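Colleague: show me how the following folds:
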Amino acid sequence: MINRYGPWMDTNVVVPLTGSSTDRCKVIFDYWLEADALQQAAASIEPGIAHSSSSSSSRNGKSLRGVVDLAMRSEFVSSSLASSHQVQEEDIALCQAVQLGLQEPSYGVGRYAPGPEAPMYHFHTMYYEAMLRALEAER
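Modeller: As a prediction, this is how the structure comes out:
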């Protein structure tokens, strides 16, 4: 999954755990920050900093690693990552609760709920149609 919030982008990659049942996985979270926002975050720690285009430090600028290190110390980056971590933890708890519910004997599959699941239905319909077109193209 890819999420985009302002200058931030994060990805959640779900990896099935090998050697276990189909209901076990791990999720890898990665984060990206637009270059301008990264530069601003670093400048909040060390005003006047400029990023050098080379990988080593120059007289007037810092390497990208140096800019990232400074940005990681900024309030903007640390509070953004803390907020994201909290949301990820809440998402994990919700997903675990849903998975437990799906295992209950009283759960049965059914149609999509017309209101709240309309976007999911639309996406699955588009995906299904795309797969059909791809199969027909192979024939």
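
Colleague: helix, strand, or coil at residue 92?
Modeller: helix (DSSP: H, G, I helix; E, B strand; the rest coil).

Colleague: contact partners for the residue found closest to residue 15 once you drop the neighbours it is linked to in the chain?
Modeller: Spatial nearest neighbour of residue 15, excluding adjacent residues (CB to CB, 6 or more residues apart in numbering): residue 26 at 5.3 Å. Glycine gets a C-beta too; all of them are placed from N, C-alpha and C. Applying CB atoms under 8 Å, 6 or more residues apart in numbering, we find residue 26 in contact with 14, 15, 17.

Colleague: so residue 26 sits in a strand?
Modeller: Yes - under three-state DSSP, residue 26 falls within a strand.

Colleague: distance check, it against residue 85.
Modeller: As defined by CB to CB, to the nearest Å, residue 26 lies at a distance of 16 Å from residue 85.

Colleague: now residue 29, what's its secondary structure?
Modeller: strand.

Colleague: right, I'll call it a day here.
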